[in-house]
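Student: show me the folded form of this:
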Amino acid sequence: MTVTILPQPLLRVRGVAKRYGAFTALHEASFDLWPGEVLAVVGESGSGKSTLLNAIAARTRPDAGCVEYRLRDGSLEDVHGMSQARQRLLARTDWGFVHQNPADGLRMDVSAGANVGERLMGLGQRHYGQLRCAAEEWLQRVEIDAIRIDDAPRTFSGGMRQRLQIARNLVTRPRLVFMDEPTSGLDVSVQARLLDLLRQLTQELQLAVVIVTHDLAVARLLAHRMVVMQRGRIVESGLTDQVLDDPQHPYTQLLVSSVLQP
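Tutor: Below is the predicted model of the structure:
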């Protein structure tokens, strides 16, 4: 008899809440994220998307709830129960974080190659030739000409900076990547090119991704599942096409109809 071993969630979020004084920014959010799955978190500005992302990425400590991550040995560990040193190690090895503003995720005055190689050095790699070779490879994978390896990101366009930030995050082969509005503020043509790149890389590397976006088109293109947030609450969740084609919650219906209106 053949025994089928079902995959286990990579990330378990249970009852995560966050308050700022009298204001509740996040109301008991819960969901699972599976290996290789892209989950979109959508909603208008102020809906709690970024608060949720920062809480599950250990950038903000929630006031209640639990965020558990499955380590490579198969064990689940409470992210907020880790020491800060362990959180930092996780963030620069098994996780990635792509910021809306690339300047927040890059060192703007050092070379593109150094930006990519820095994460590898955090894993103990010191051989200059190997670091440079890896940086060249990843620049090419994100469609940046390798001749720009010694140029600083401040000389790059906005789209190139975002692609460099992606290379910096993926060079260590993380299993989980957080993305905060990665295409926001880019021209439409640049945005389309970046989305194609993200879709290709997430599929090729089998990345698990939590992507925050206000753009439903981005969610449809990239995400397997989505959660819709309103006033700090998850009001609807499900398969992306199902939620967008047949929204059940009035707020989701409003979001979808506003996009479809001419």
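
Student: helix or strand right after the longest helix along the chain?
Tutor: Secondary structure of the chain read by DSSP state H shows that its longest helix is helix 188-205. Counting by DSSP states H and E, the element after helix 188-205 in chain order, helix or strand, is strand 208-213.

Student: re the thing from before, compute the inter-axis angle for the longest helix of the chain and strand 208-213.
Tutor: Helix 188-205 and strand 208-213 meet at an angle of 160 degrees, taking axes from the mean of the first three to the mean of the last three Cα atoms, to 10 degrees as the criterion.

Student: quick one: average confidence on helix 188-205?
Tutor: Helix 188-205 carries an average pLDDT of 91.

Student: now do stretch 121-128
Tutor: 82.

Student: so what does the longest helix of the chain touch, helix or strand wise?
Tutor: helix 158-170, helix 216-222 (3 or more Cβ pairs under 8 Å, 6 or more residues apart in numbering; DSSP states H and E). C-beta here means a position set from N, CA and C on the backbone, and glycine is covered the same way.

Student: and the contacts of that helix?
Tutor: Residues outside helix 188-205 that contact it (Cβ atoms under 8 Å, 6 or more residues apart in numbering): 38, 141-143, 157-159, 162-163, 166, 170, 173, 179, 182-183, 186, 207, 209, 218, 221-222.

Student: would you mark the buried spots in it?
Tutor: By neighbour count on 16 or more other Cβ atoms under 10 Å, the buried set for helix 188-205 is 190, 191, 193, 194, 195, 197, 198, 201, 202.

Student: so, low pLDDT: which residues of the chain?
Tutor: 1-6, 260-262 (pLDDT under 70).

Student: show me where it has helices.
Tutor: Going by DSSP H, the chain shows helices at 49-56, 84-93, 112-122, 128-141, 158-170, 188-205, 216-222, 240-245, 250-260.

Student: those into a markdown table, with extra columns for distance to residue 11?
Tutor: Formatted as a markdown table, the helices of the chain follow (distance: least, Cβ to Cβ, whole Å):
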| stretch | distance to residue 11 |
| --- | --- |
| helix 49-56 | 7 |
| helix 84-93 | 12 |
| helix 112-122 | 21 |
| helix 128-141 | 25 |
| helix 158-170 | 17 |
| helix 188-205 | 15 |
| helix 216-222 | 17 |
| helix 240-245 | 18 |
| helix 250-260 | 23 |
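
Student: what's the closest of the ones you listed to residue 102?
Tutor: helix 158-170 (3.7 Å; Cβ to Cβ).

Student: quick check: the nearest residue to residue 232 once chain neighbours are set aside vs residue 191, distance?
Tutor: Counting by Cβ to Cβ, 6 or more residues apart in numbering, the nearest residue to residue 232 once its immediate chain neighbours are dropped is residue 48, at 3.9 Å. Remark: distance between residue 48 and residue 191 (Cβ to Cβ, to the nearest Å) = 24 Å.

Student: can you check residue 103 too?
Tutor: Where residue 191 is concerned, residue 103 sits at a distance of 18 Å (Cβ to Cβ).

Student: partners of the nearest residue to residue 225 once chain neighbours are set aside in the sheet?
Tutor: Spatial nearest neighbour of residue 225, excluding adjacent residues (Cβ to Cβ, 6+ apart): residue 39 at 5.2 Å. When assigned by DSSP bridges, residue 39 has beta-bridge partners residue 210, residue 225.

Student: do I have it right that residue 39 meets residue 33?
Tutor: Yes. Counting by Cβ atoms under 8 Å, residue 33 is a contact partner of residue 39 at 5.5 Å.

Student: can you list residues touching both of those two?
Tutor: residue 210.

Student: any idea how far the residue nearest to residue 25 when sequence neighbours are not counted lies from residue 101?
Tutor: The shortest distance from residue 25 to any non-neighbouring residue, by Cβ to Cβ, 6+ apart, is to residue 51 (4.5 Å). Distance of residue 51 to residue 101, given as Cβ to Cβ: 18 Å.

Student: many thanks, have a good one.
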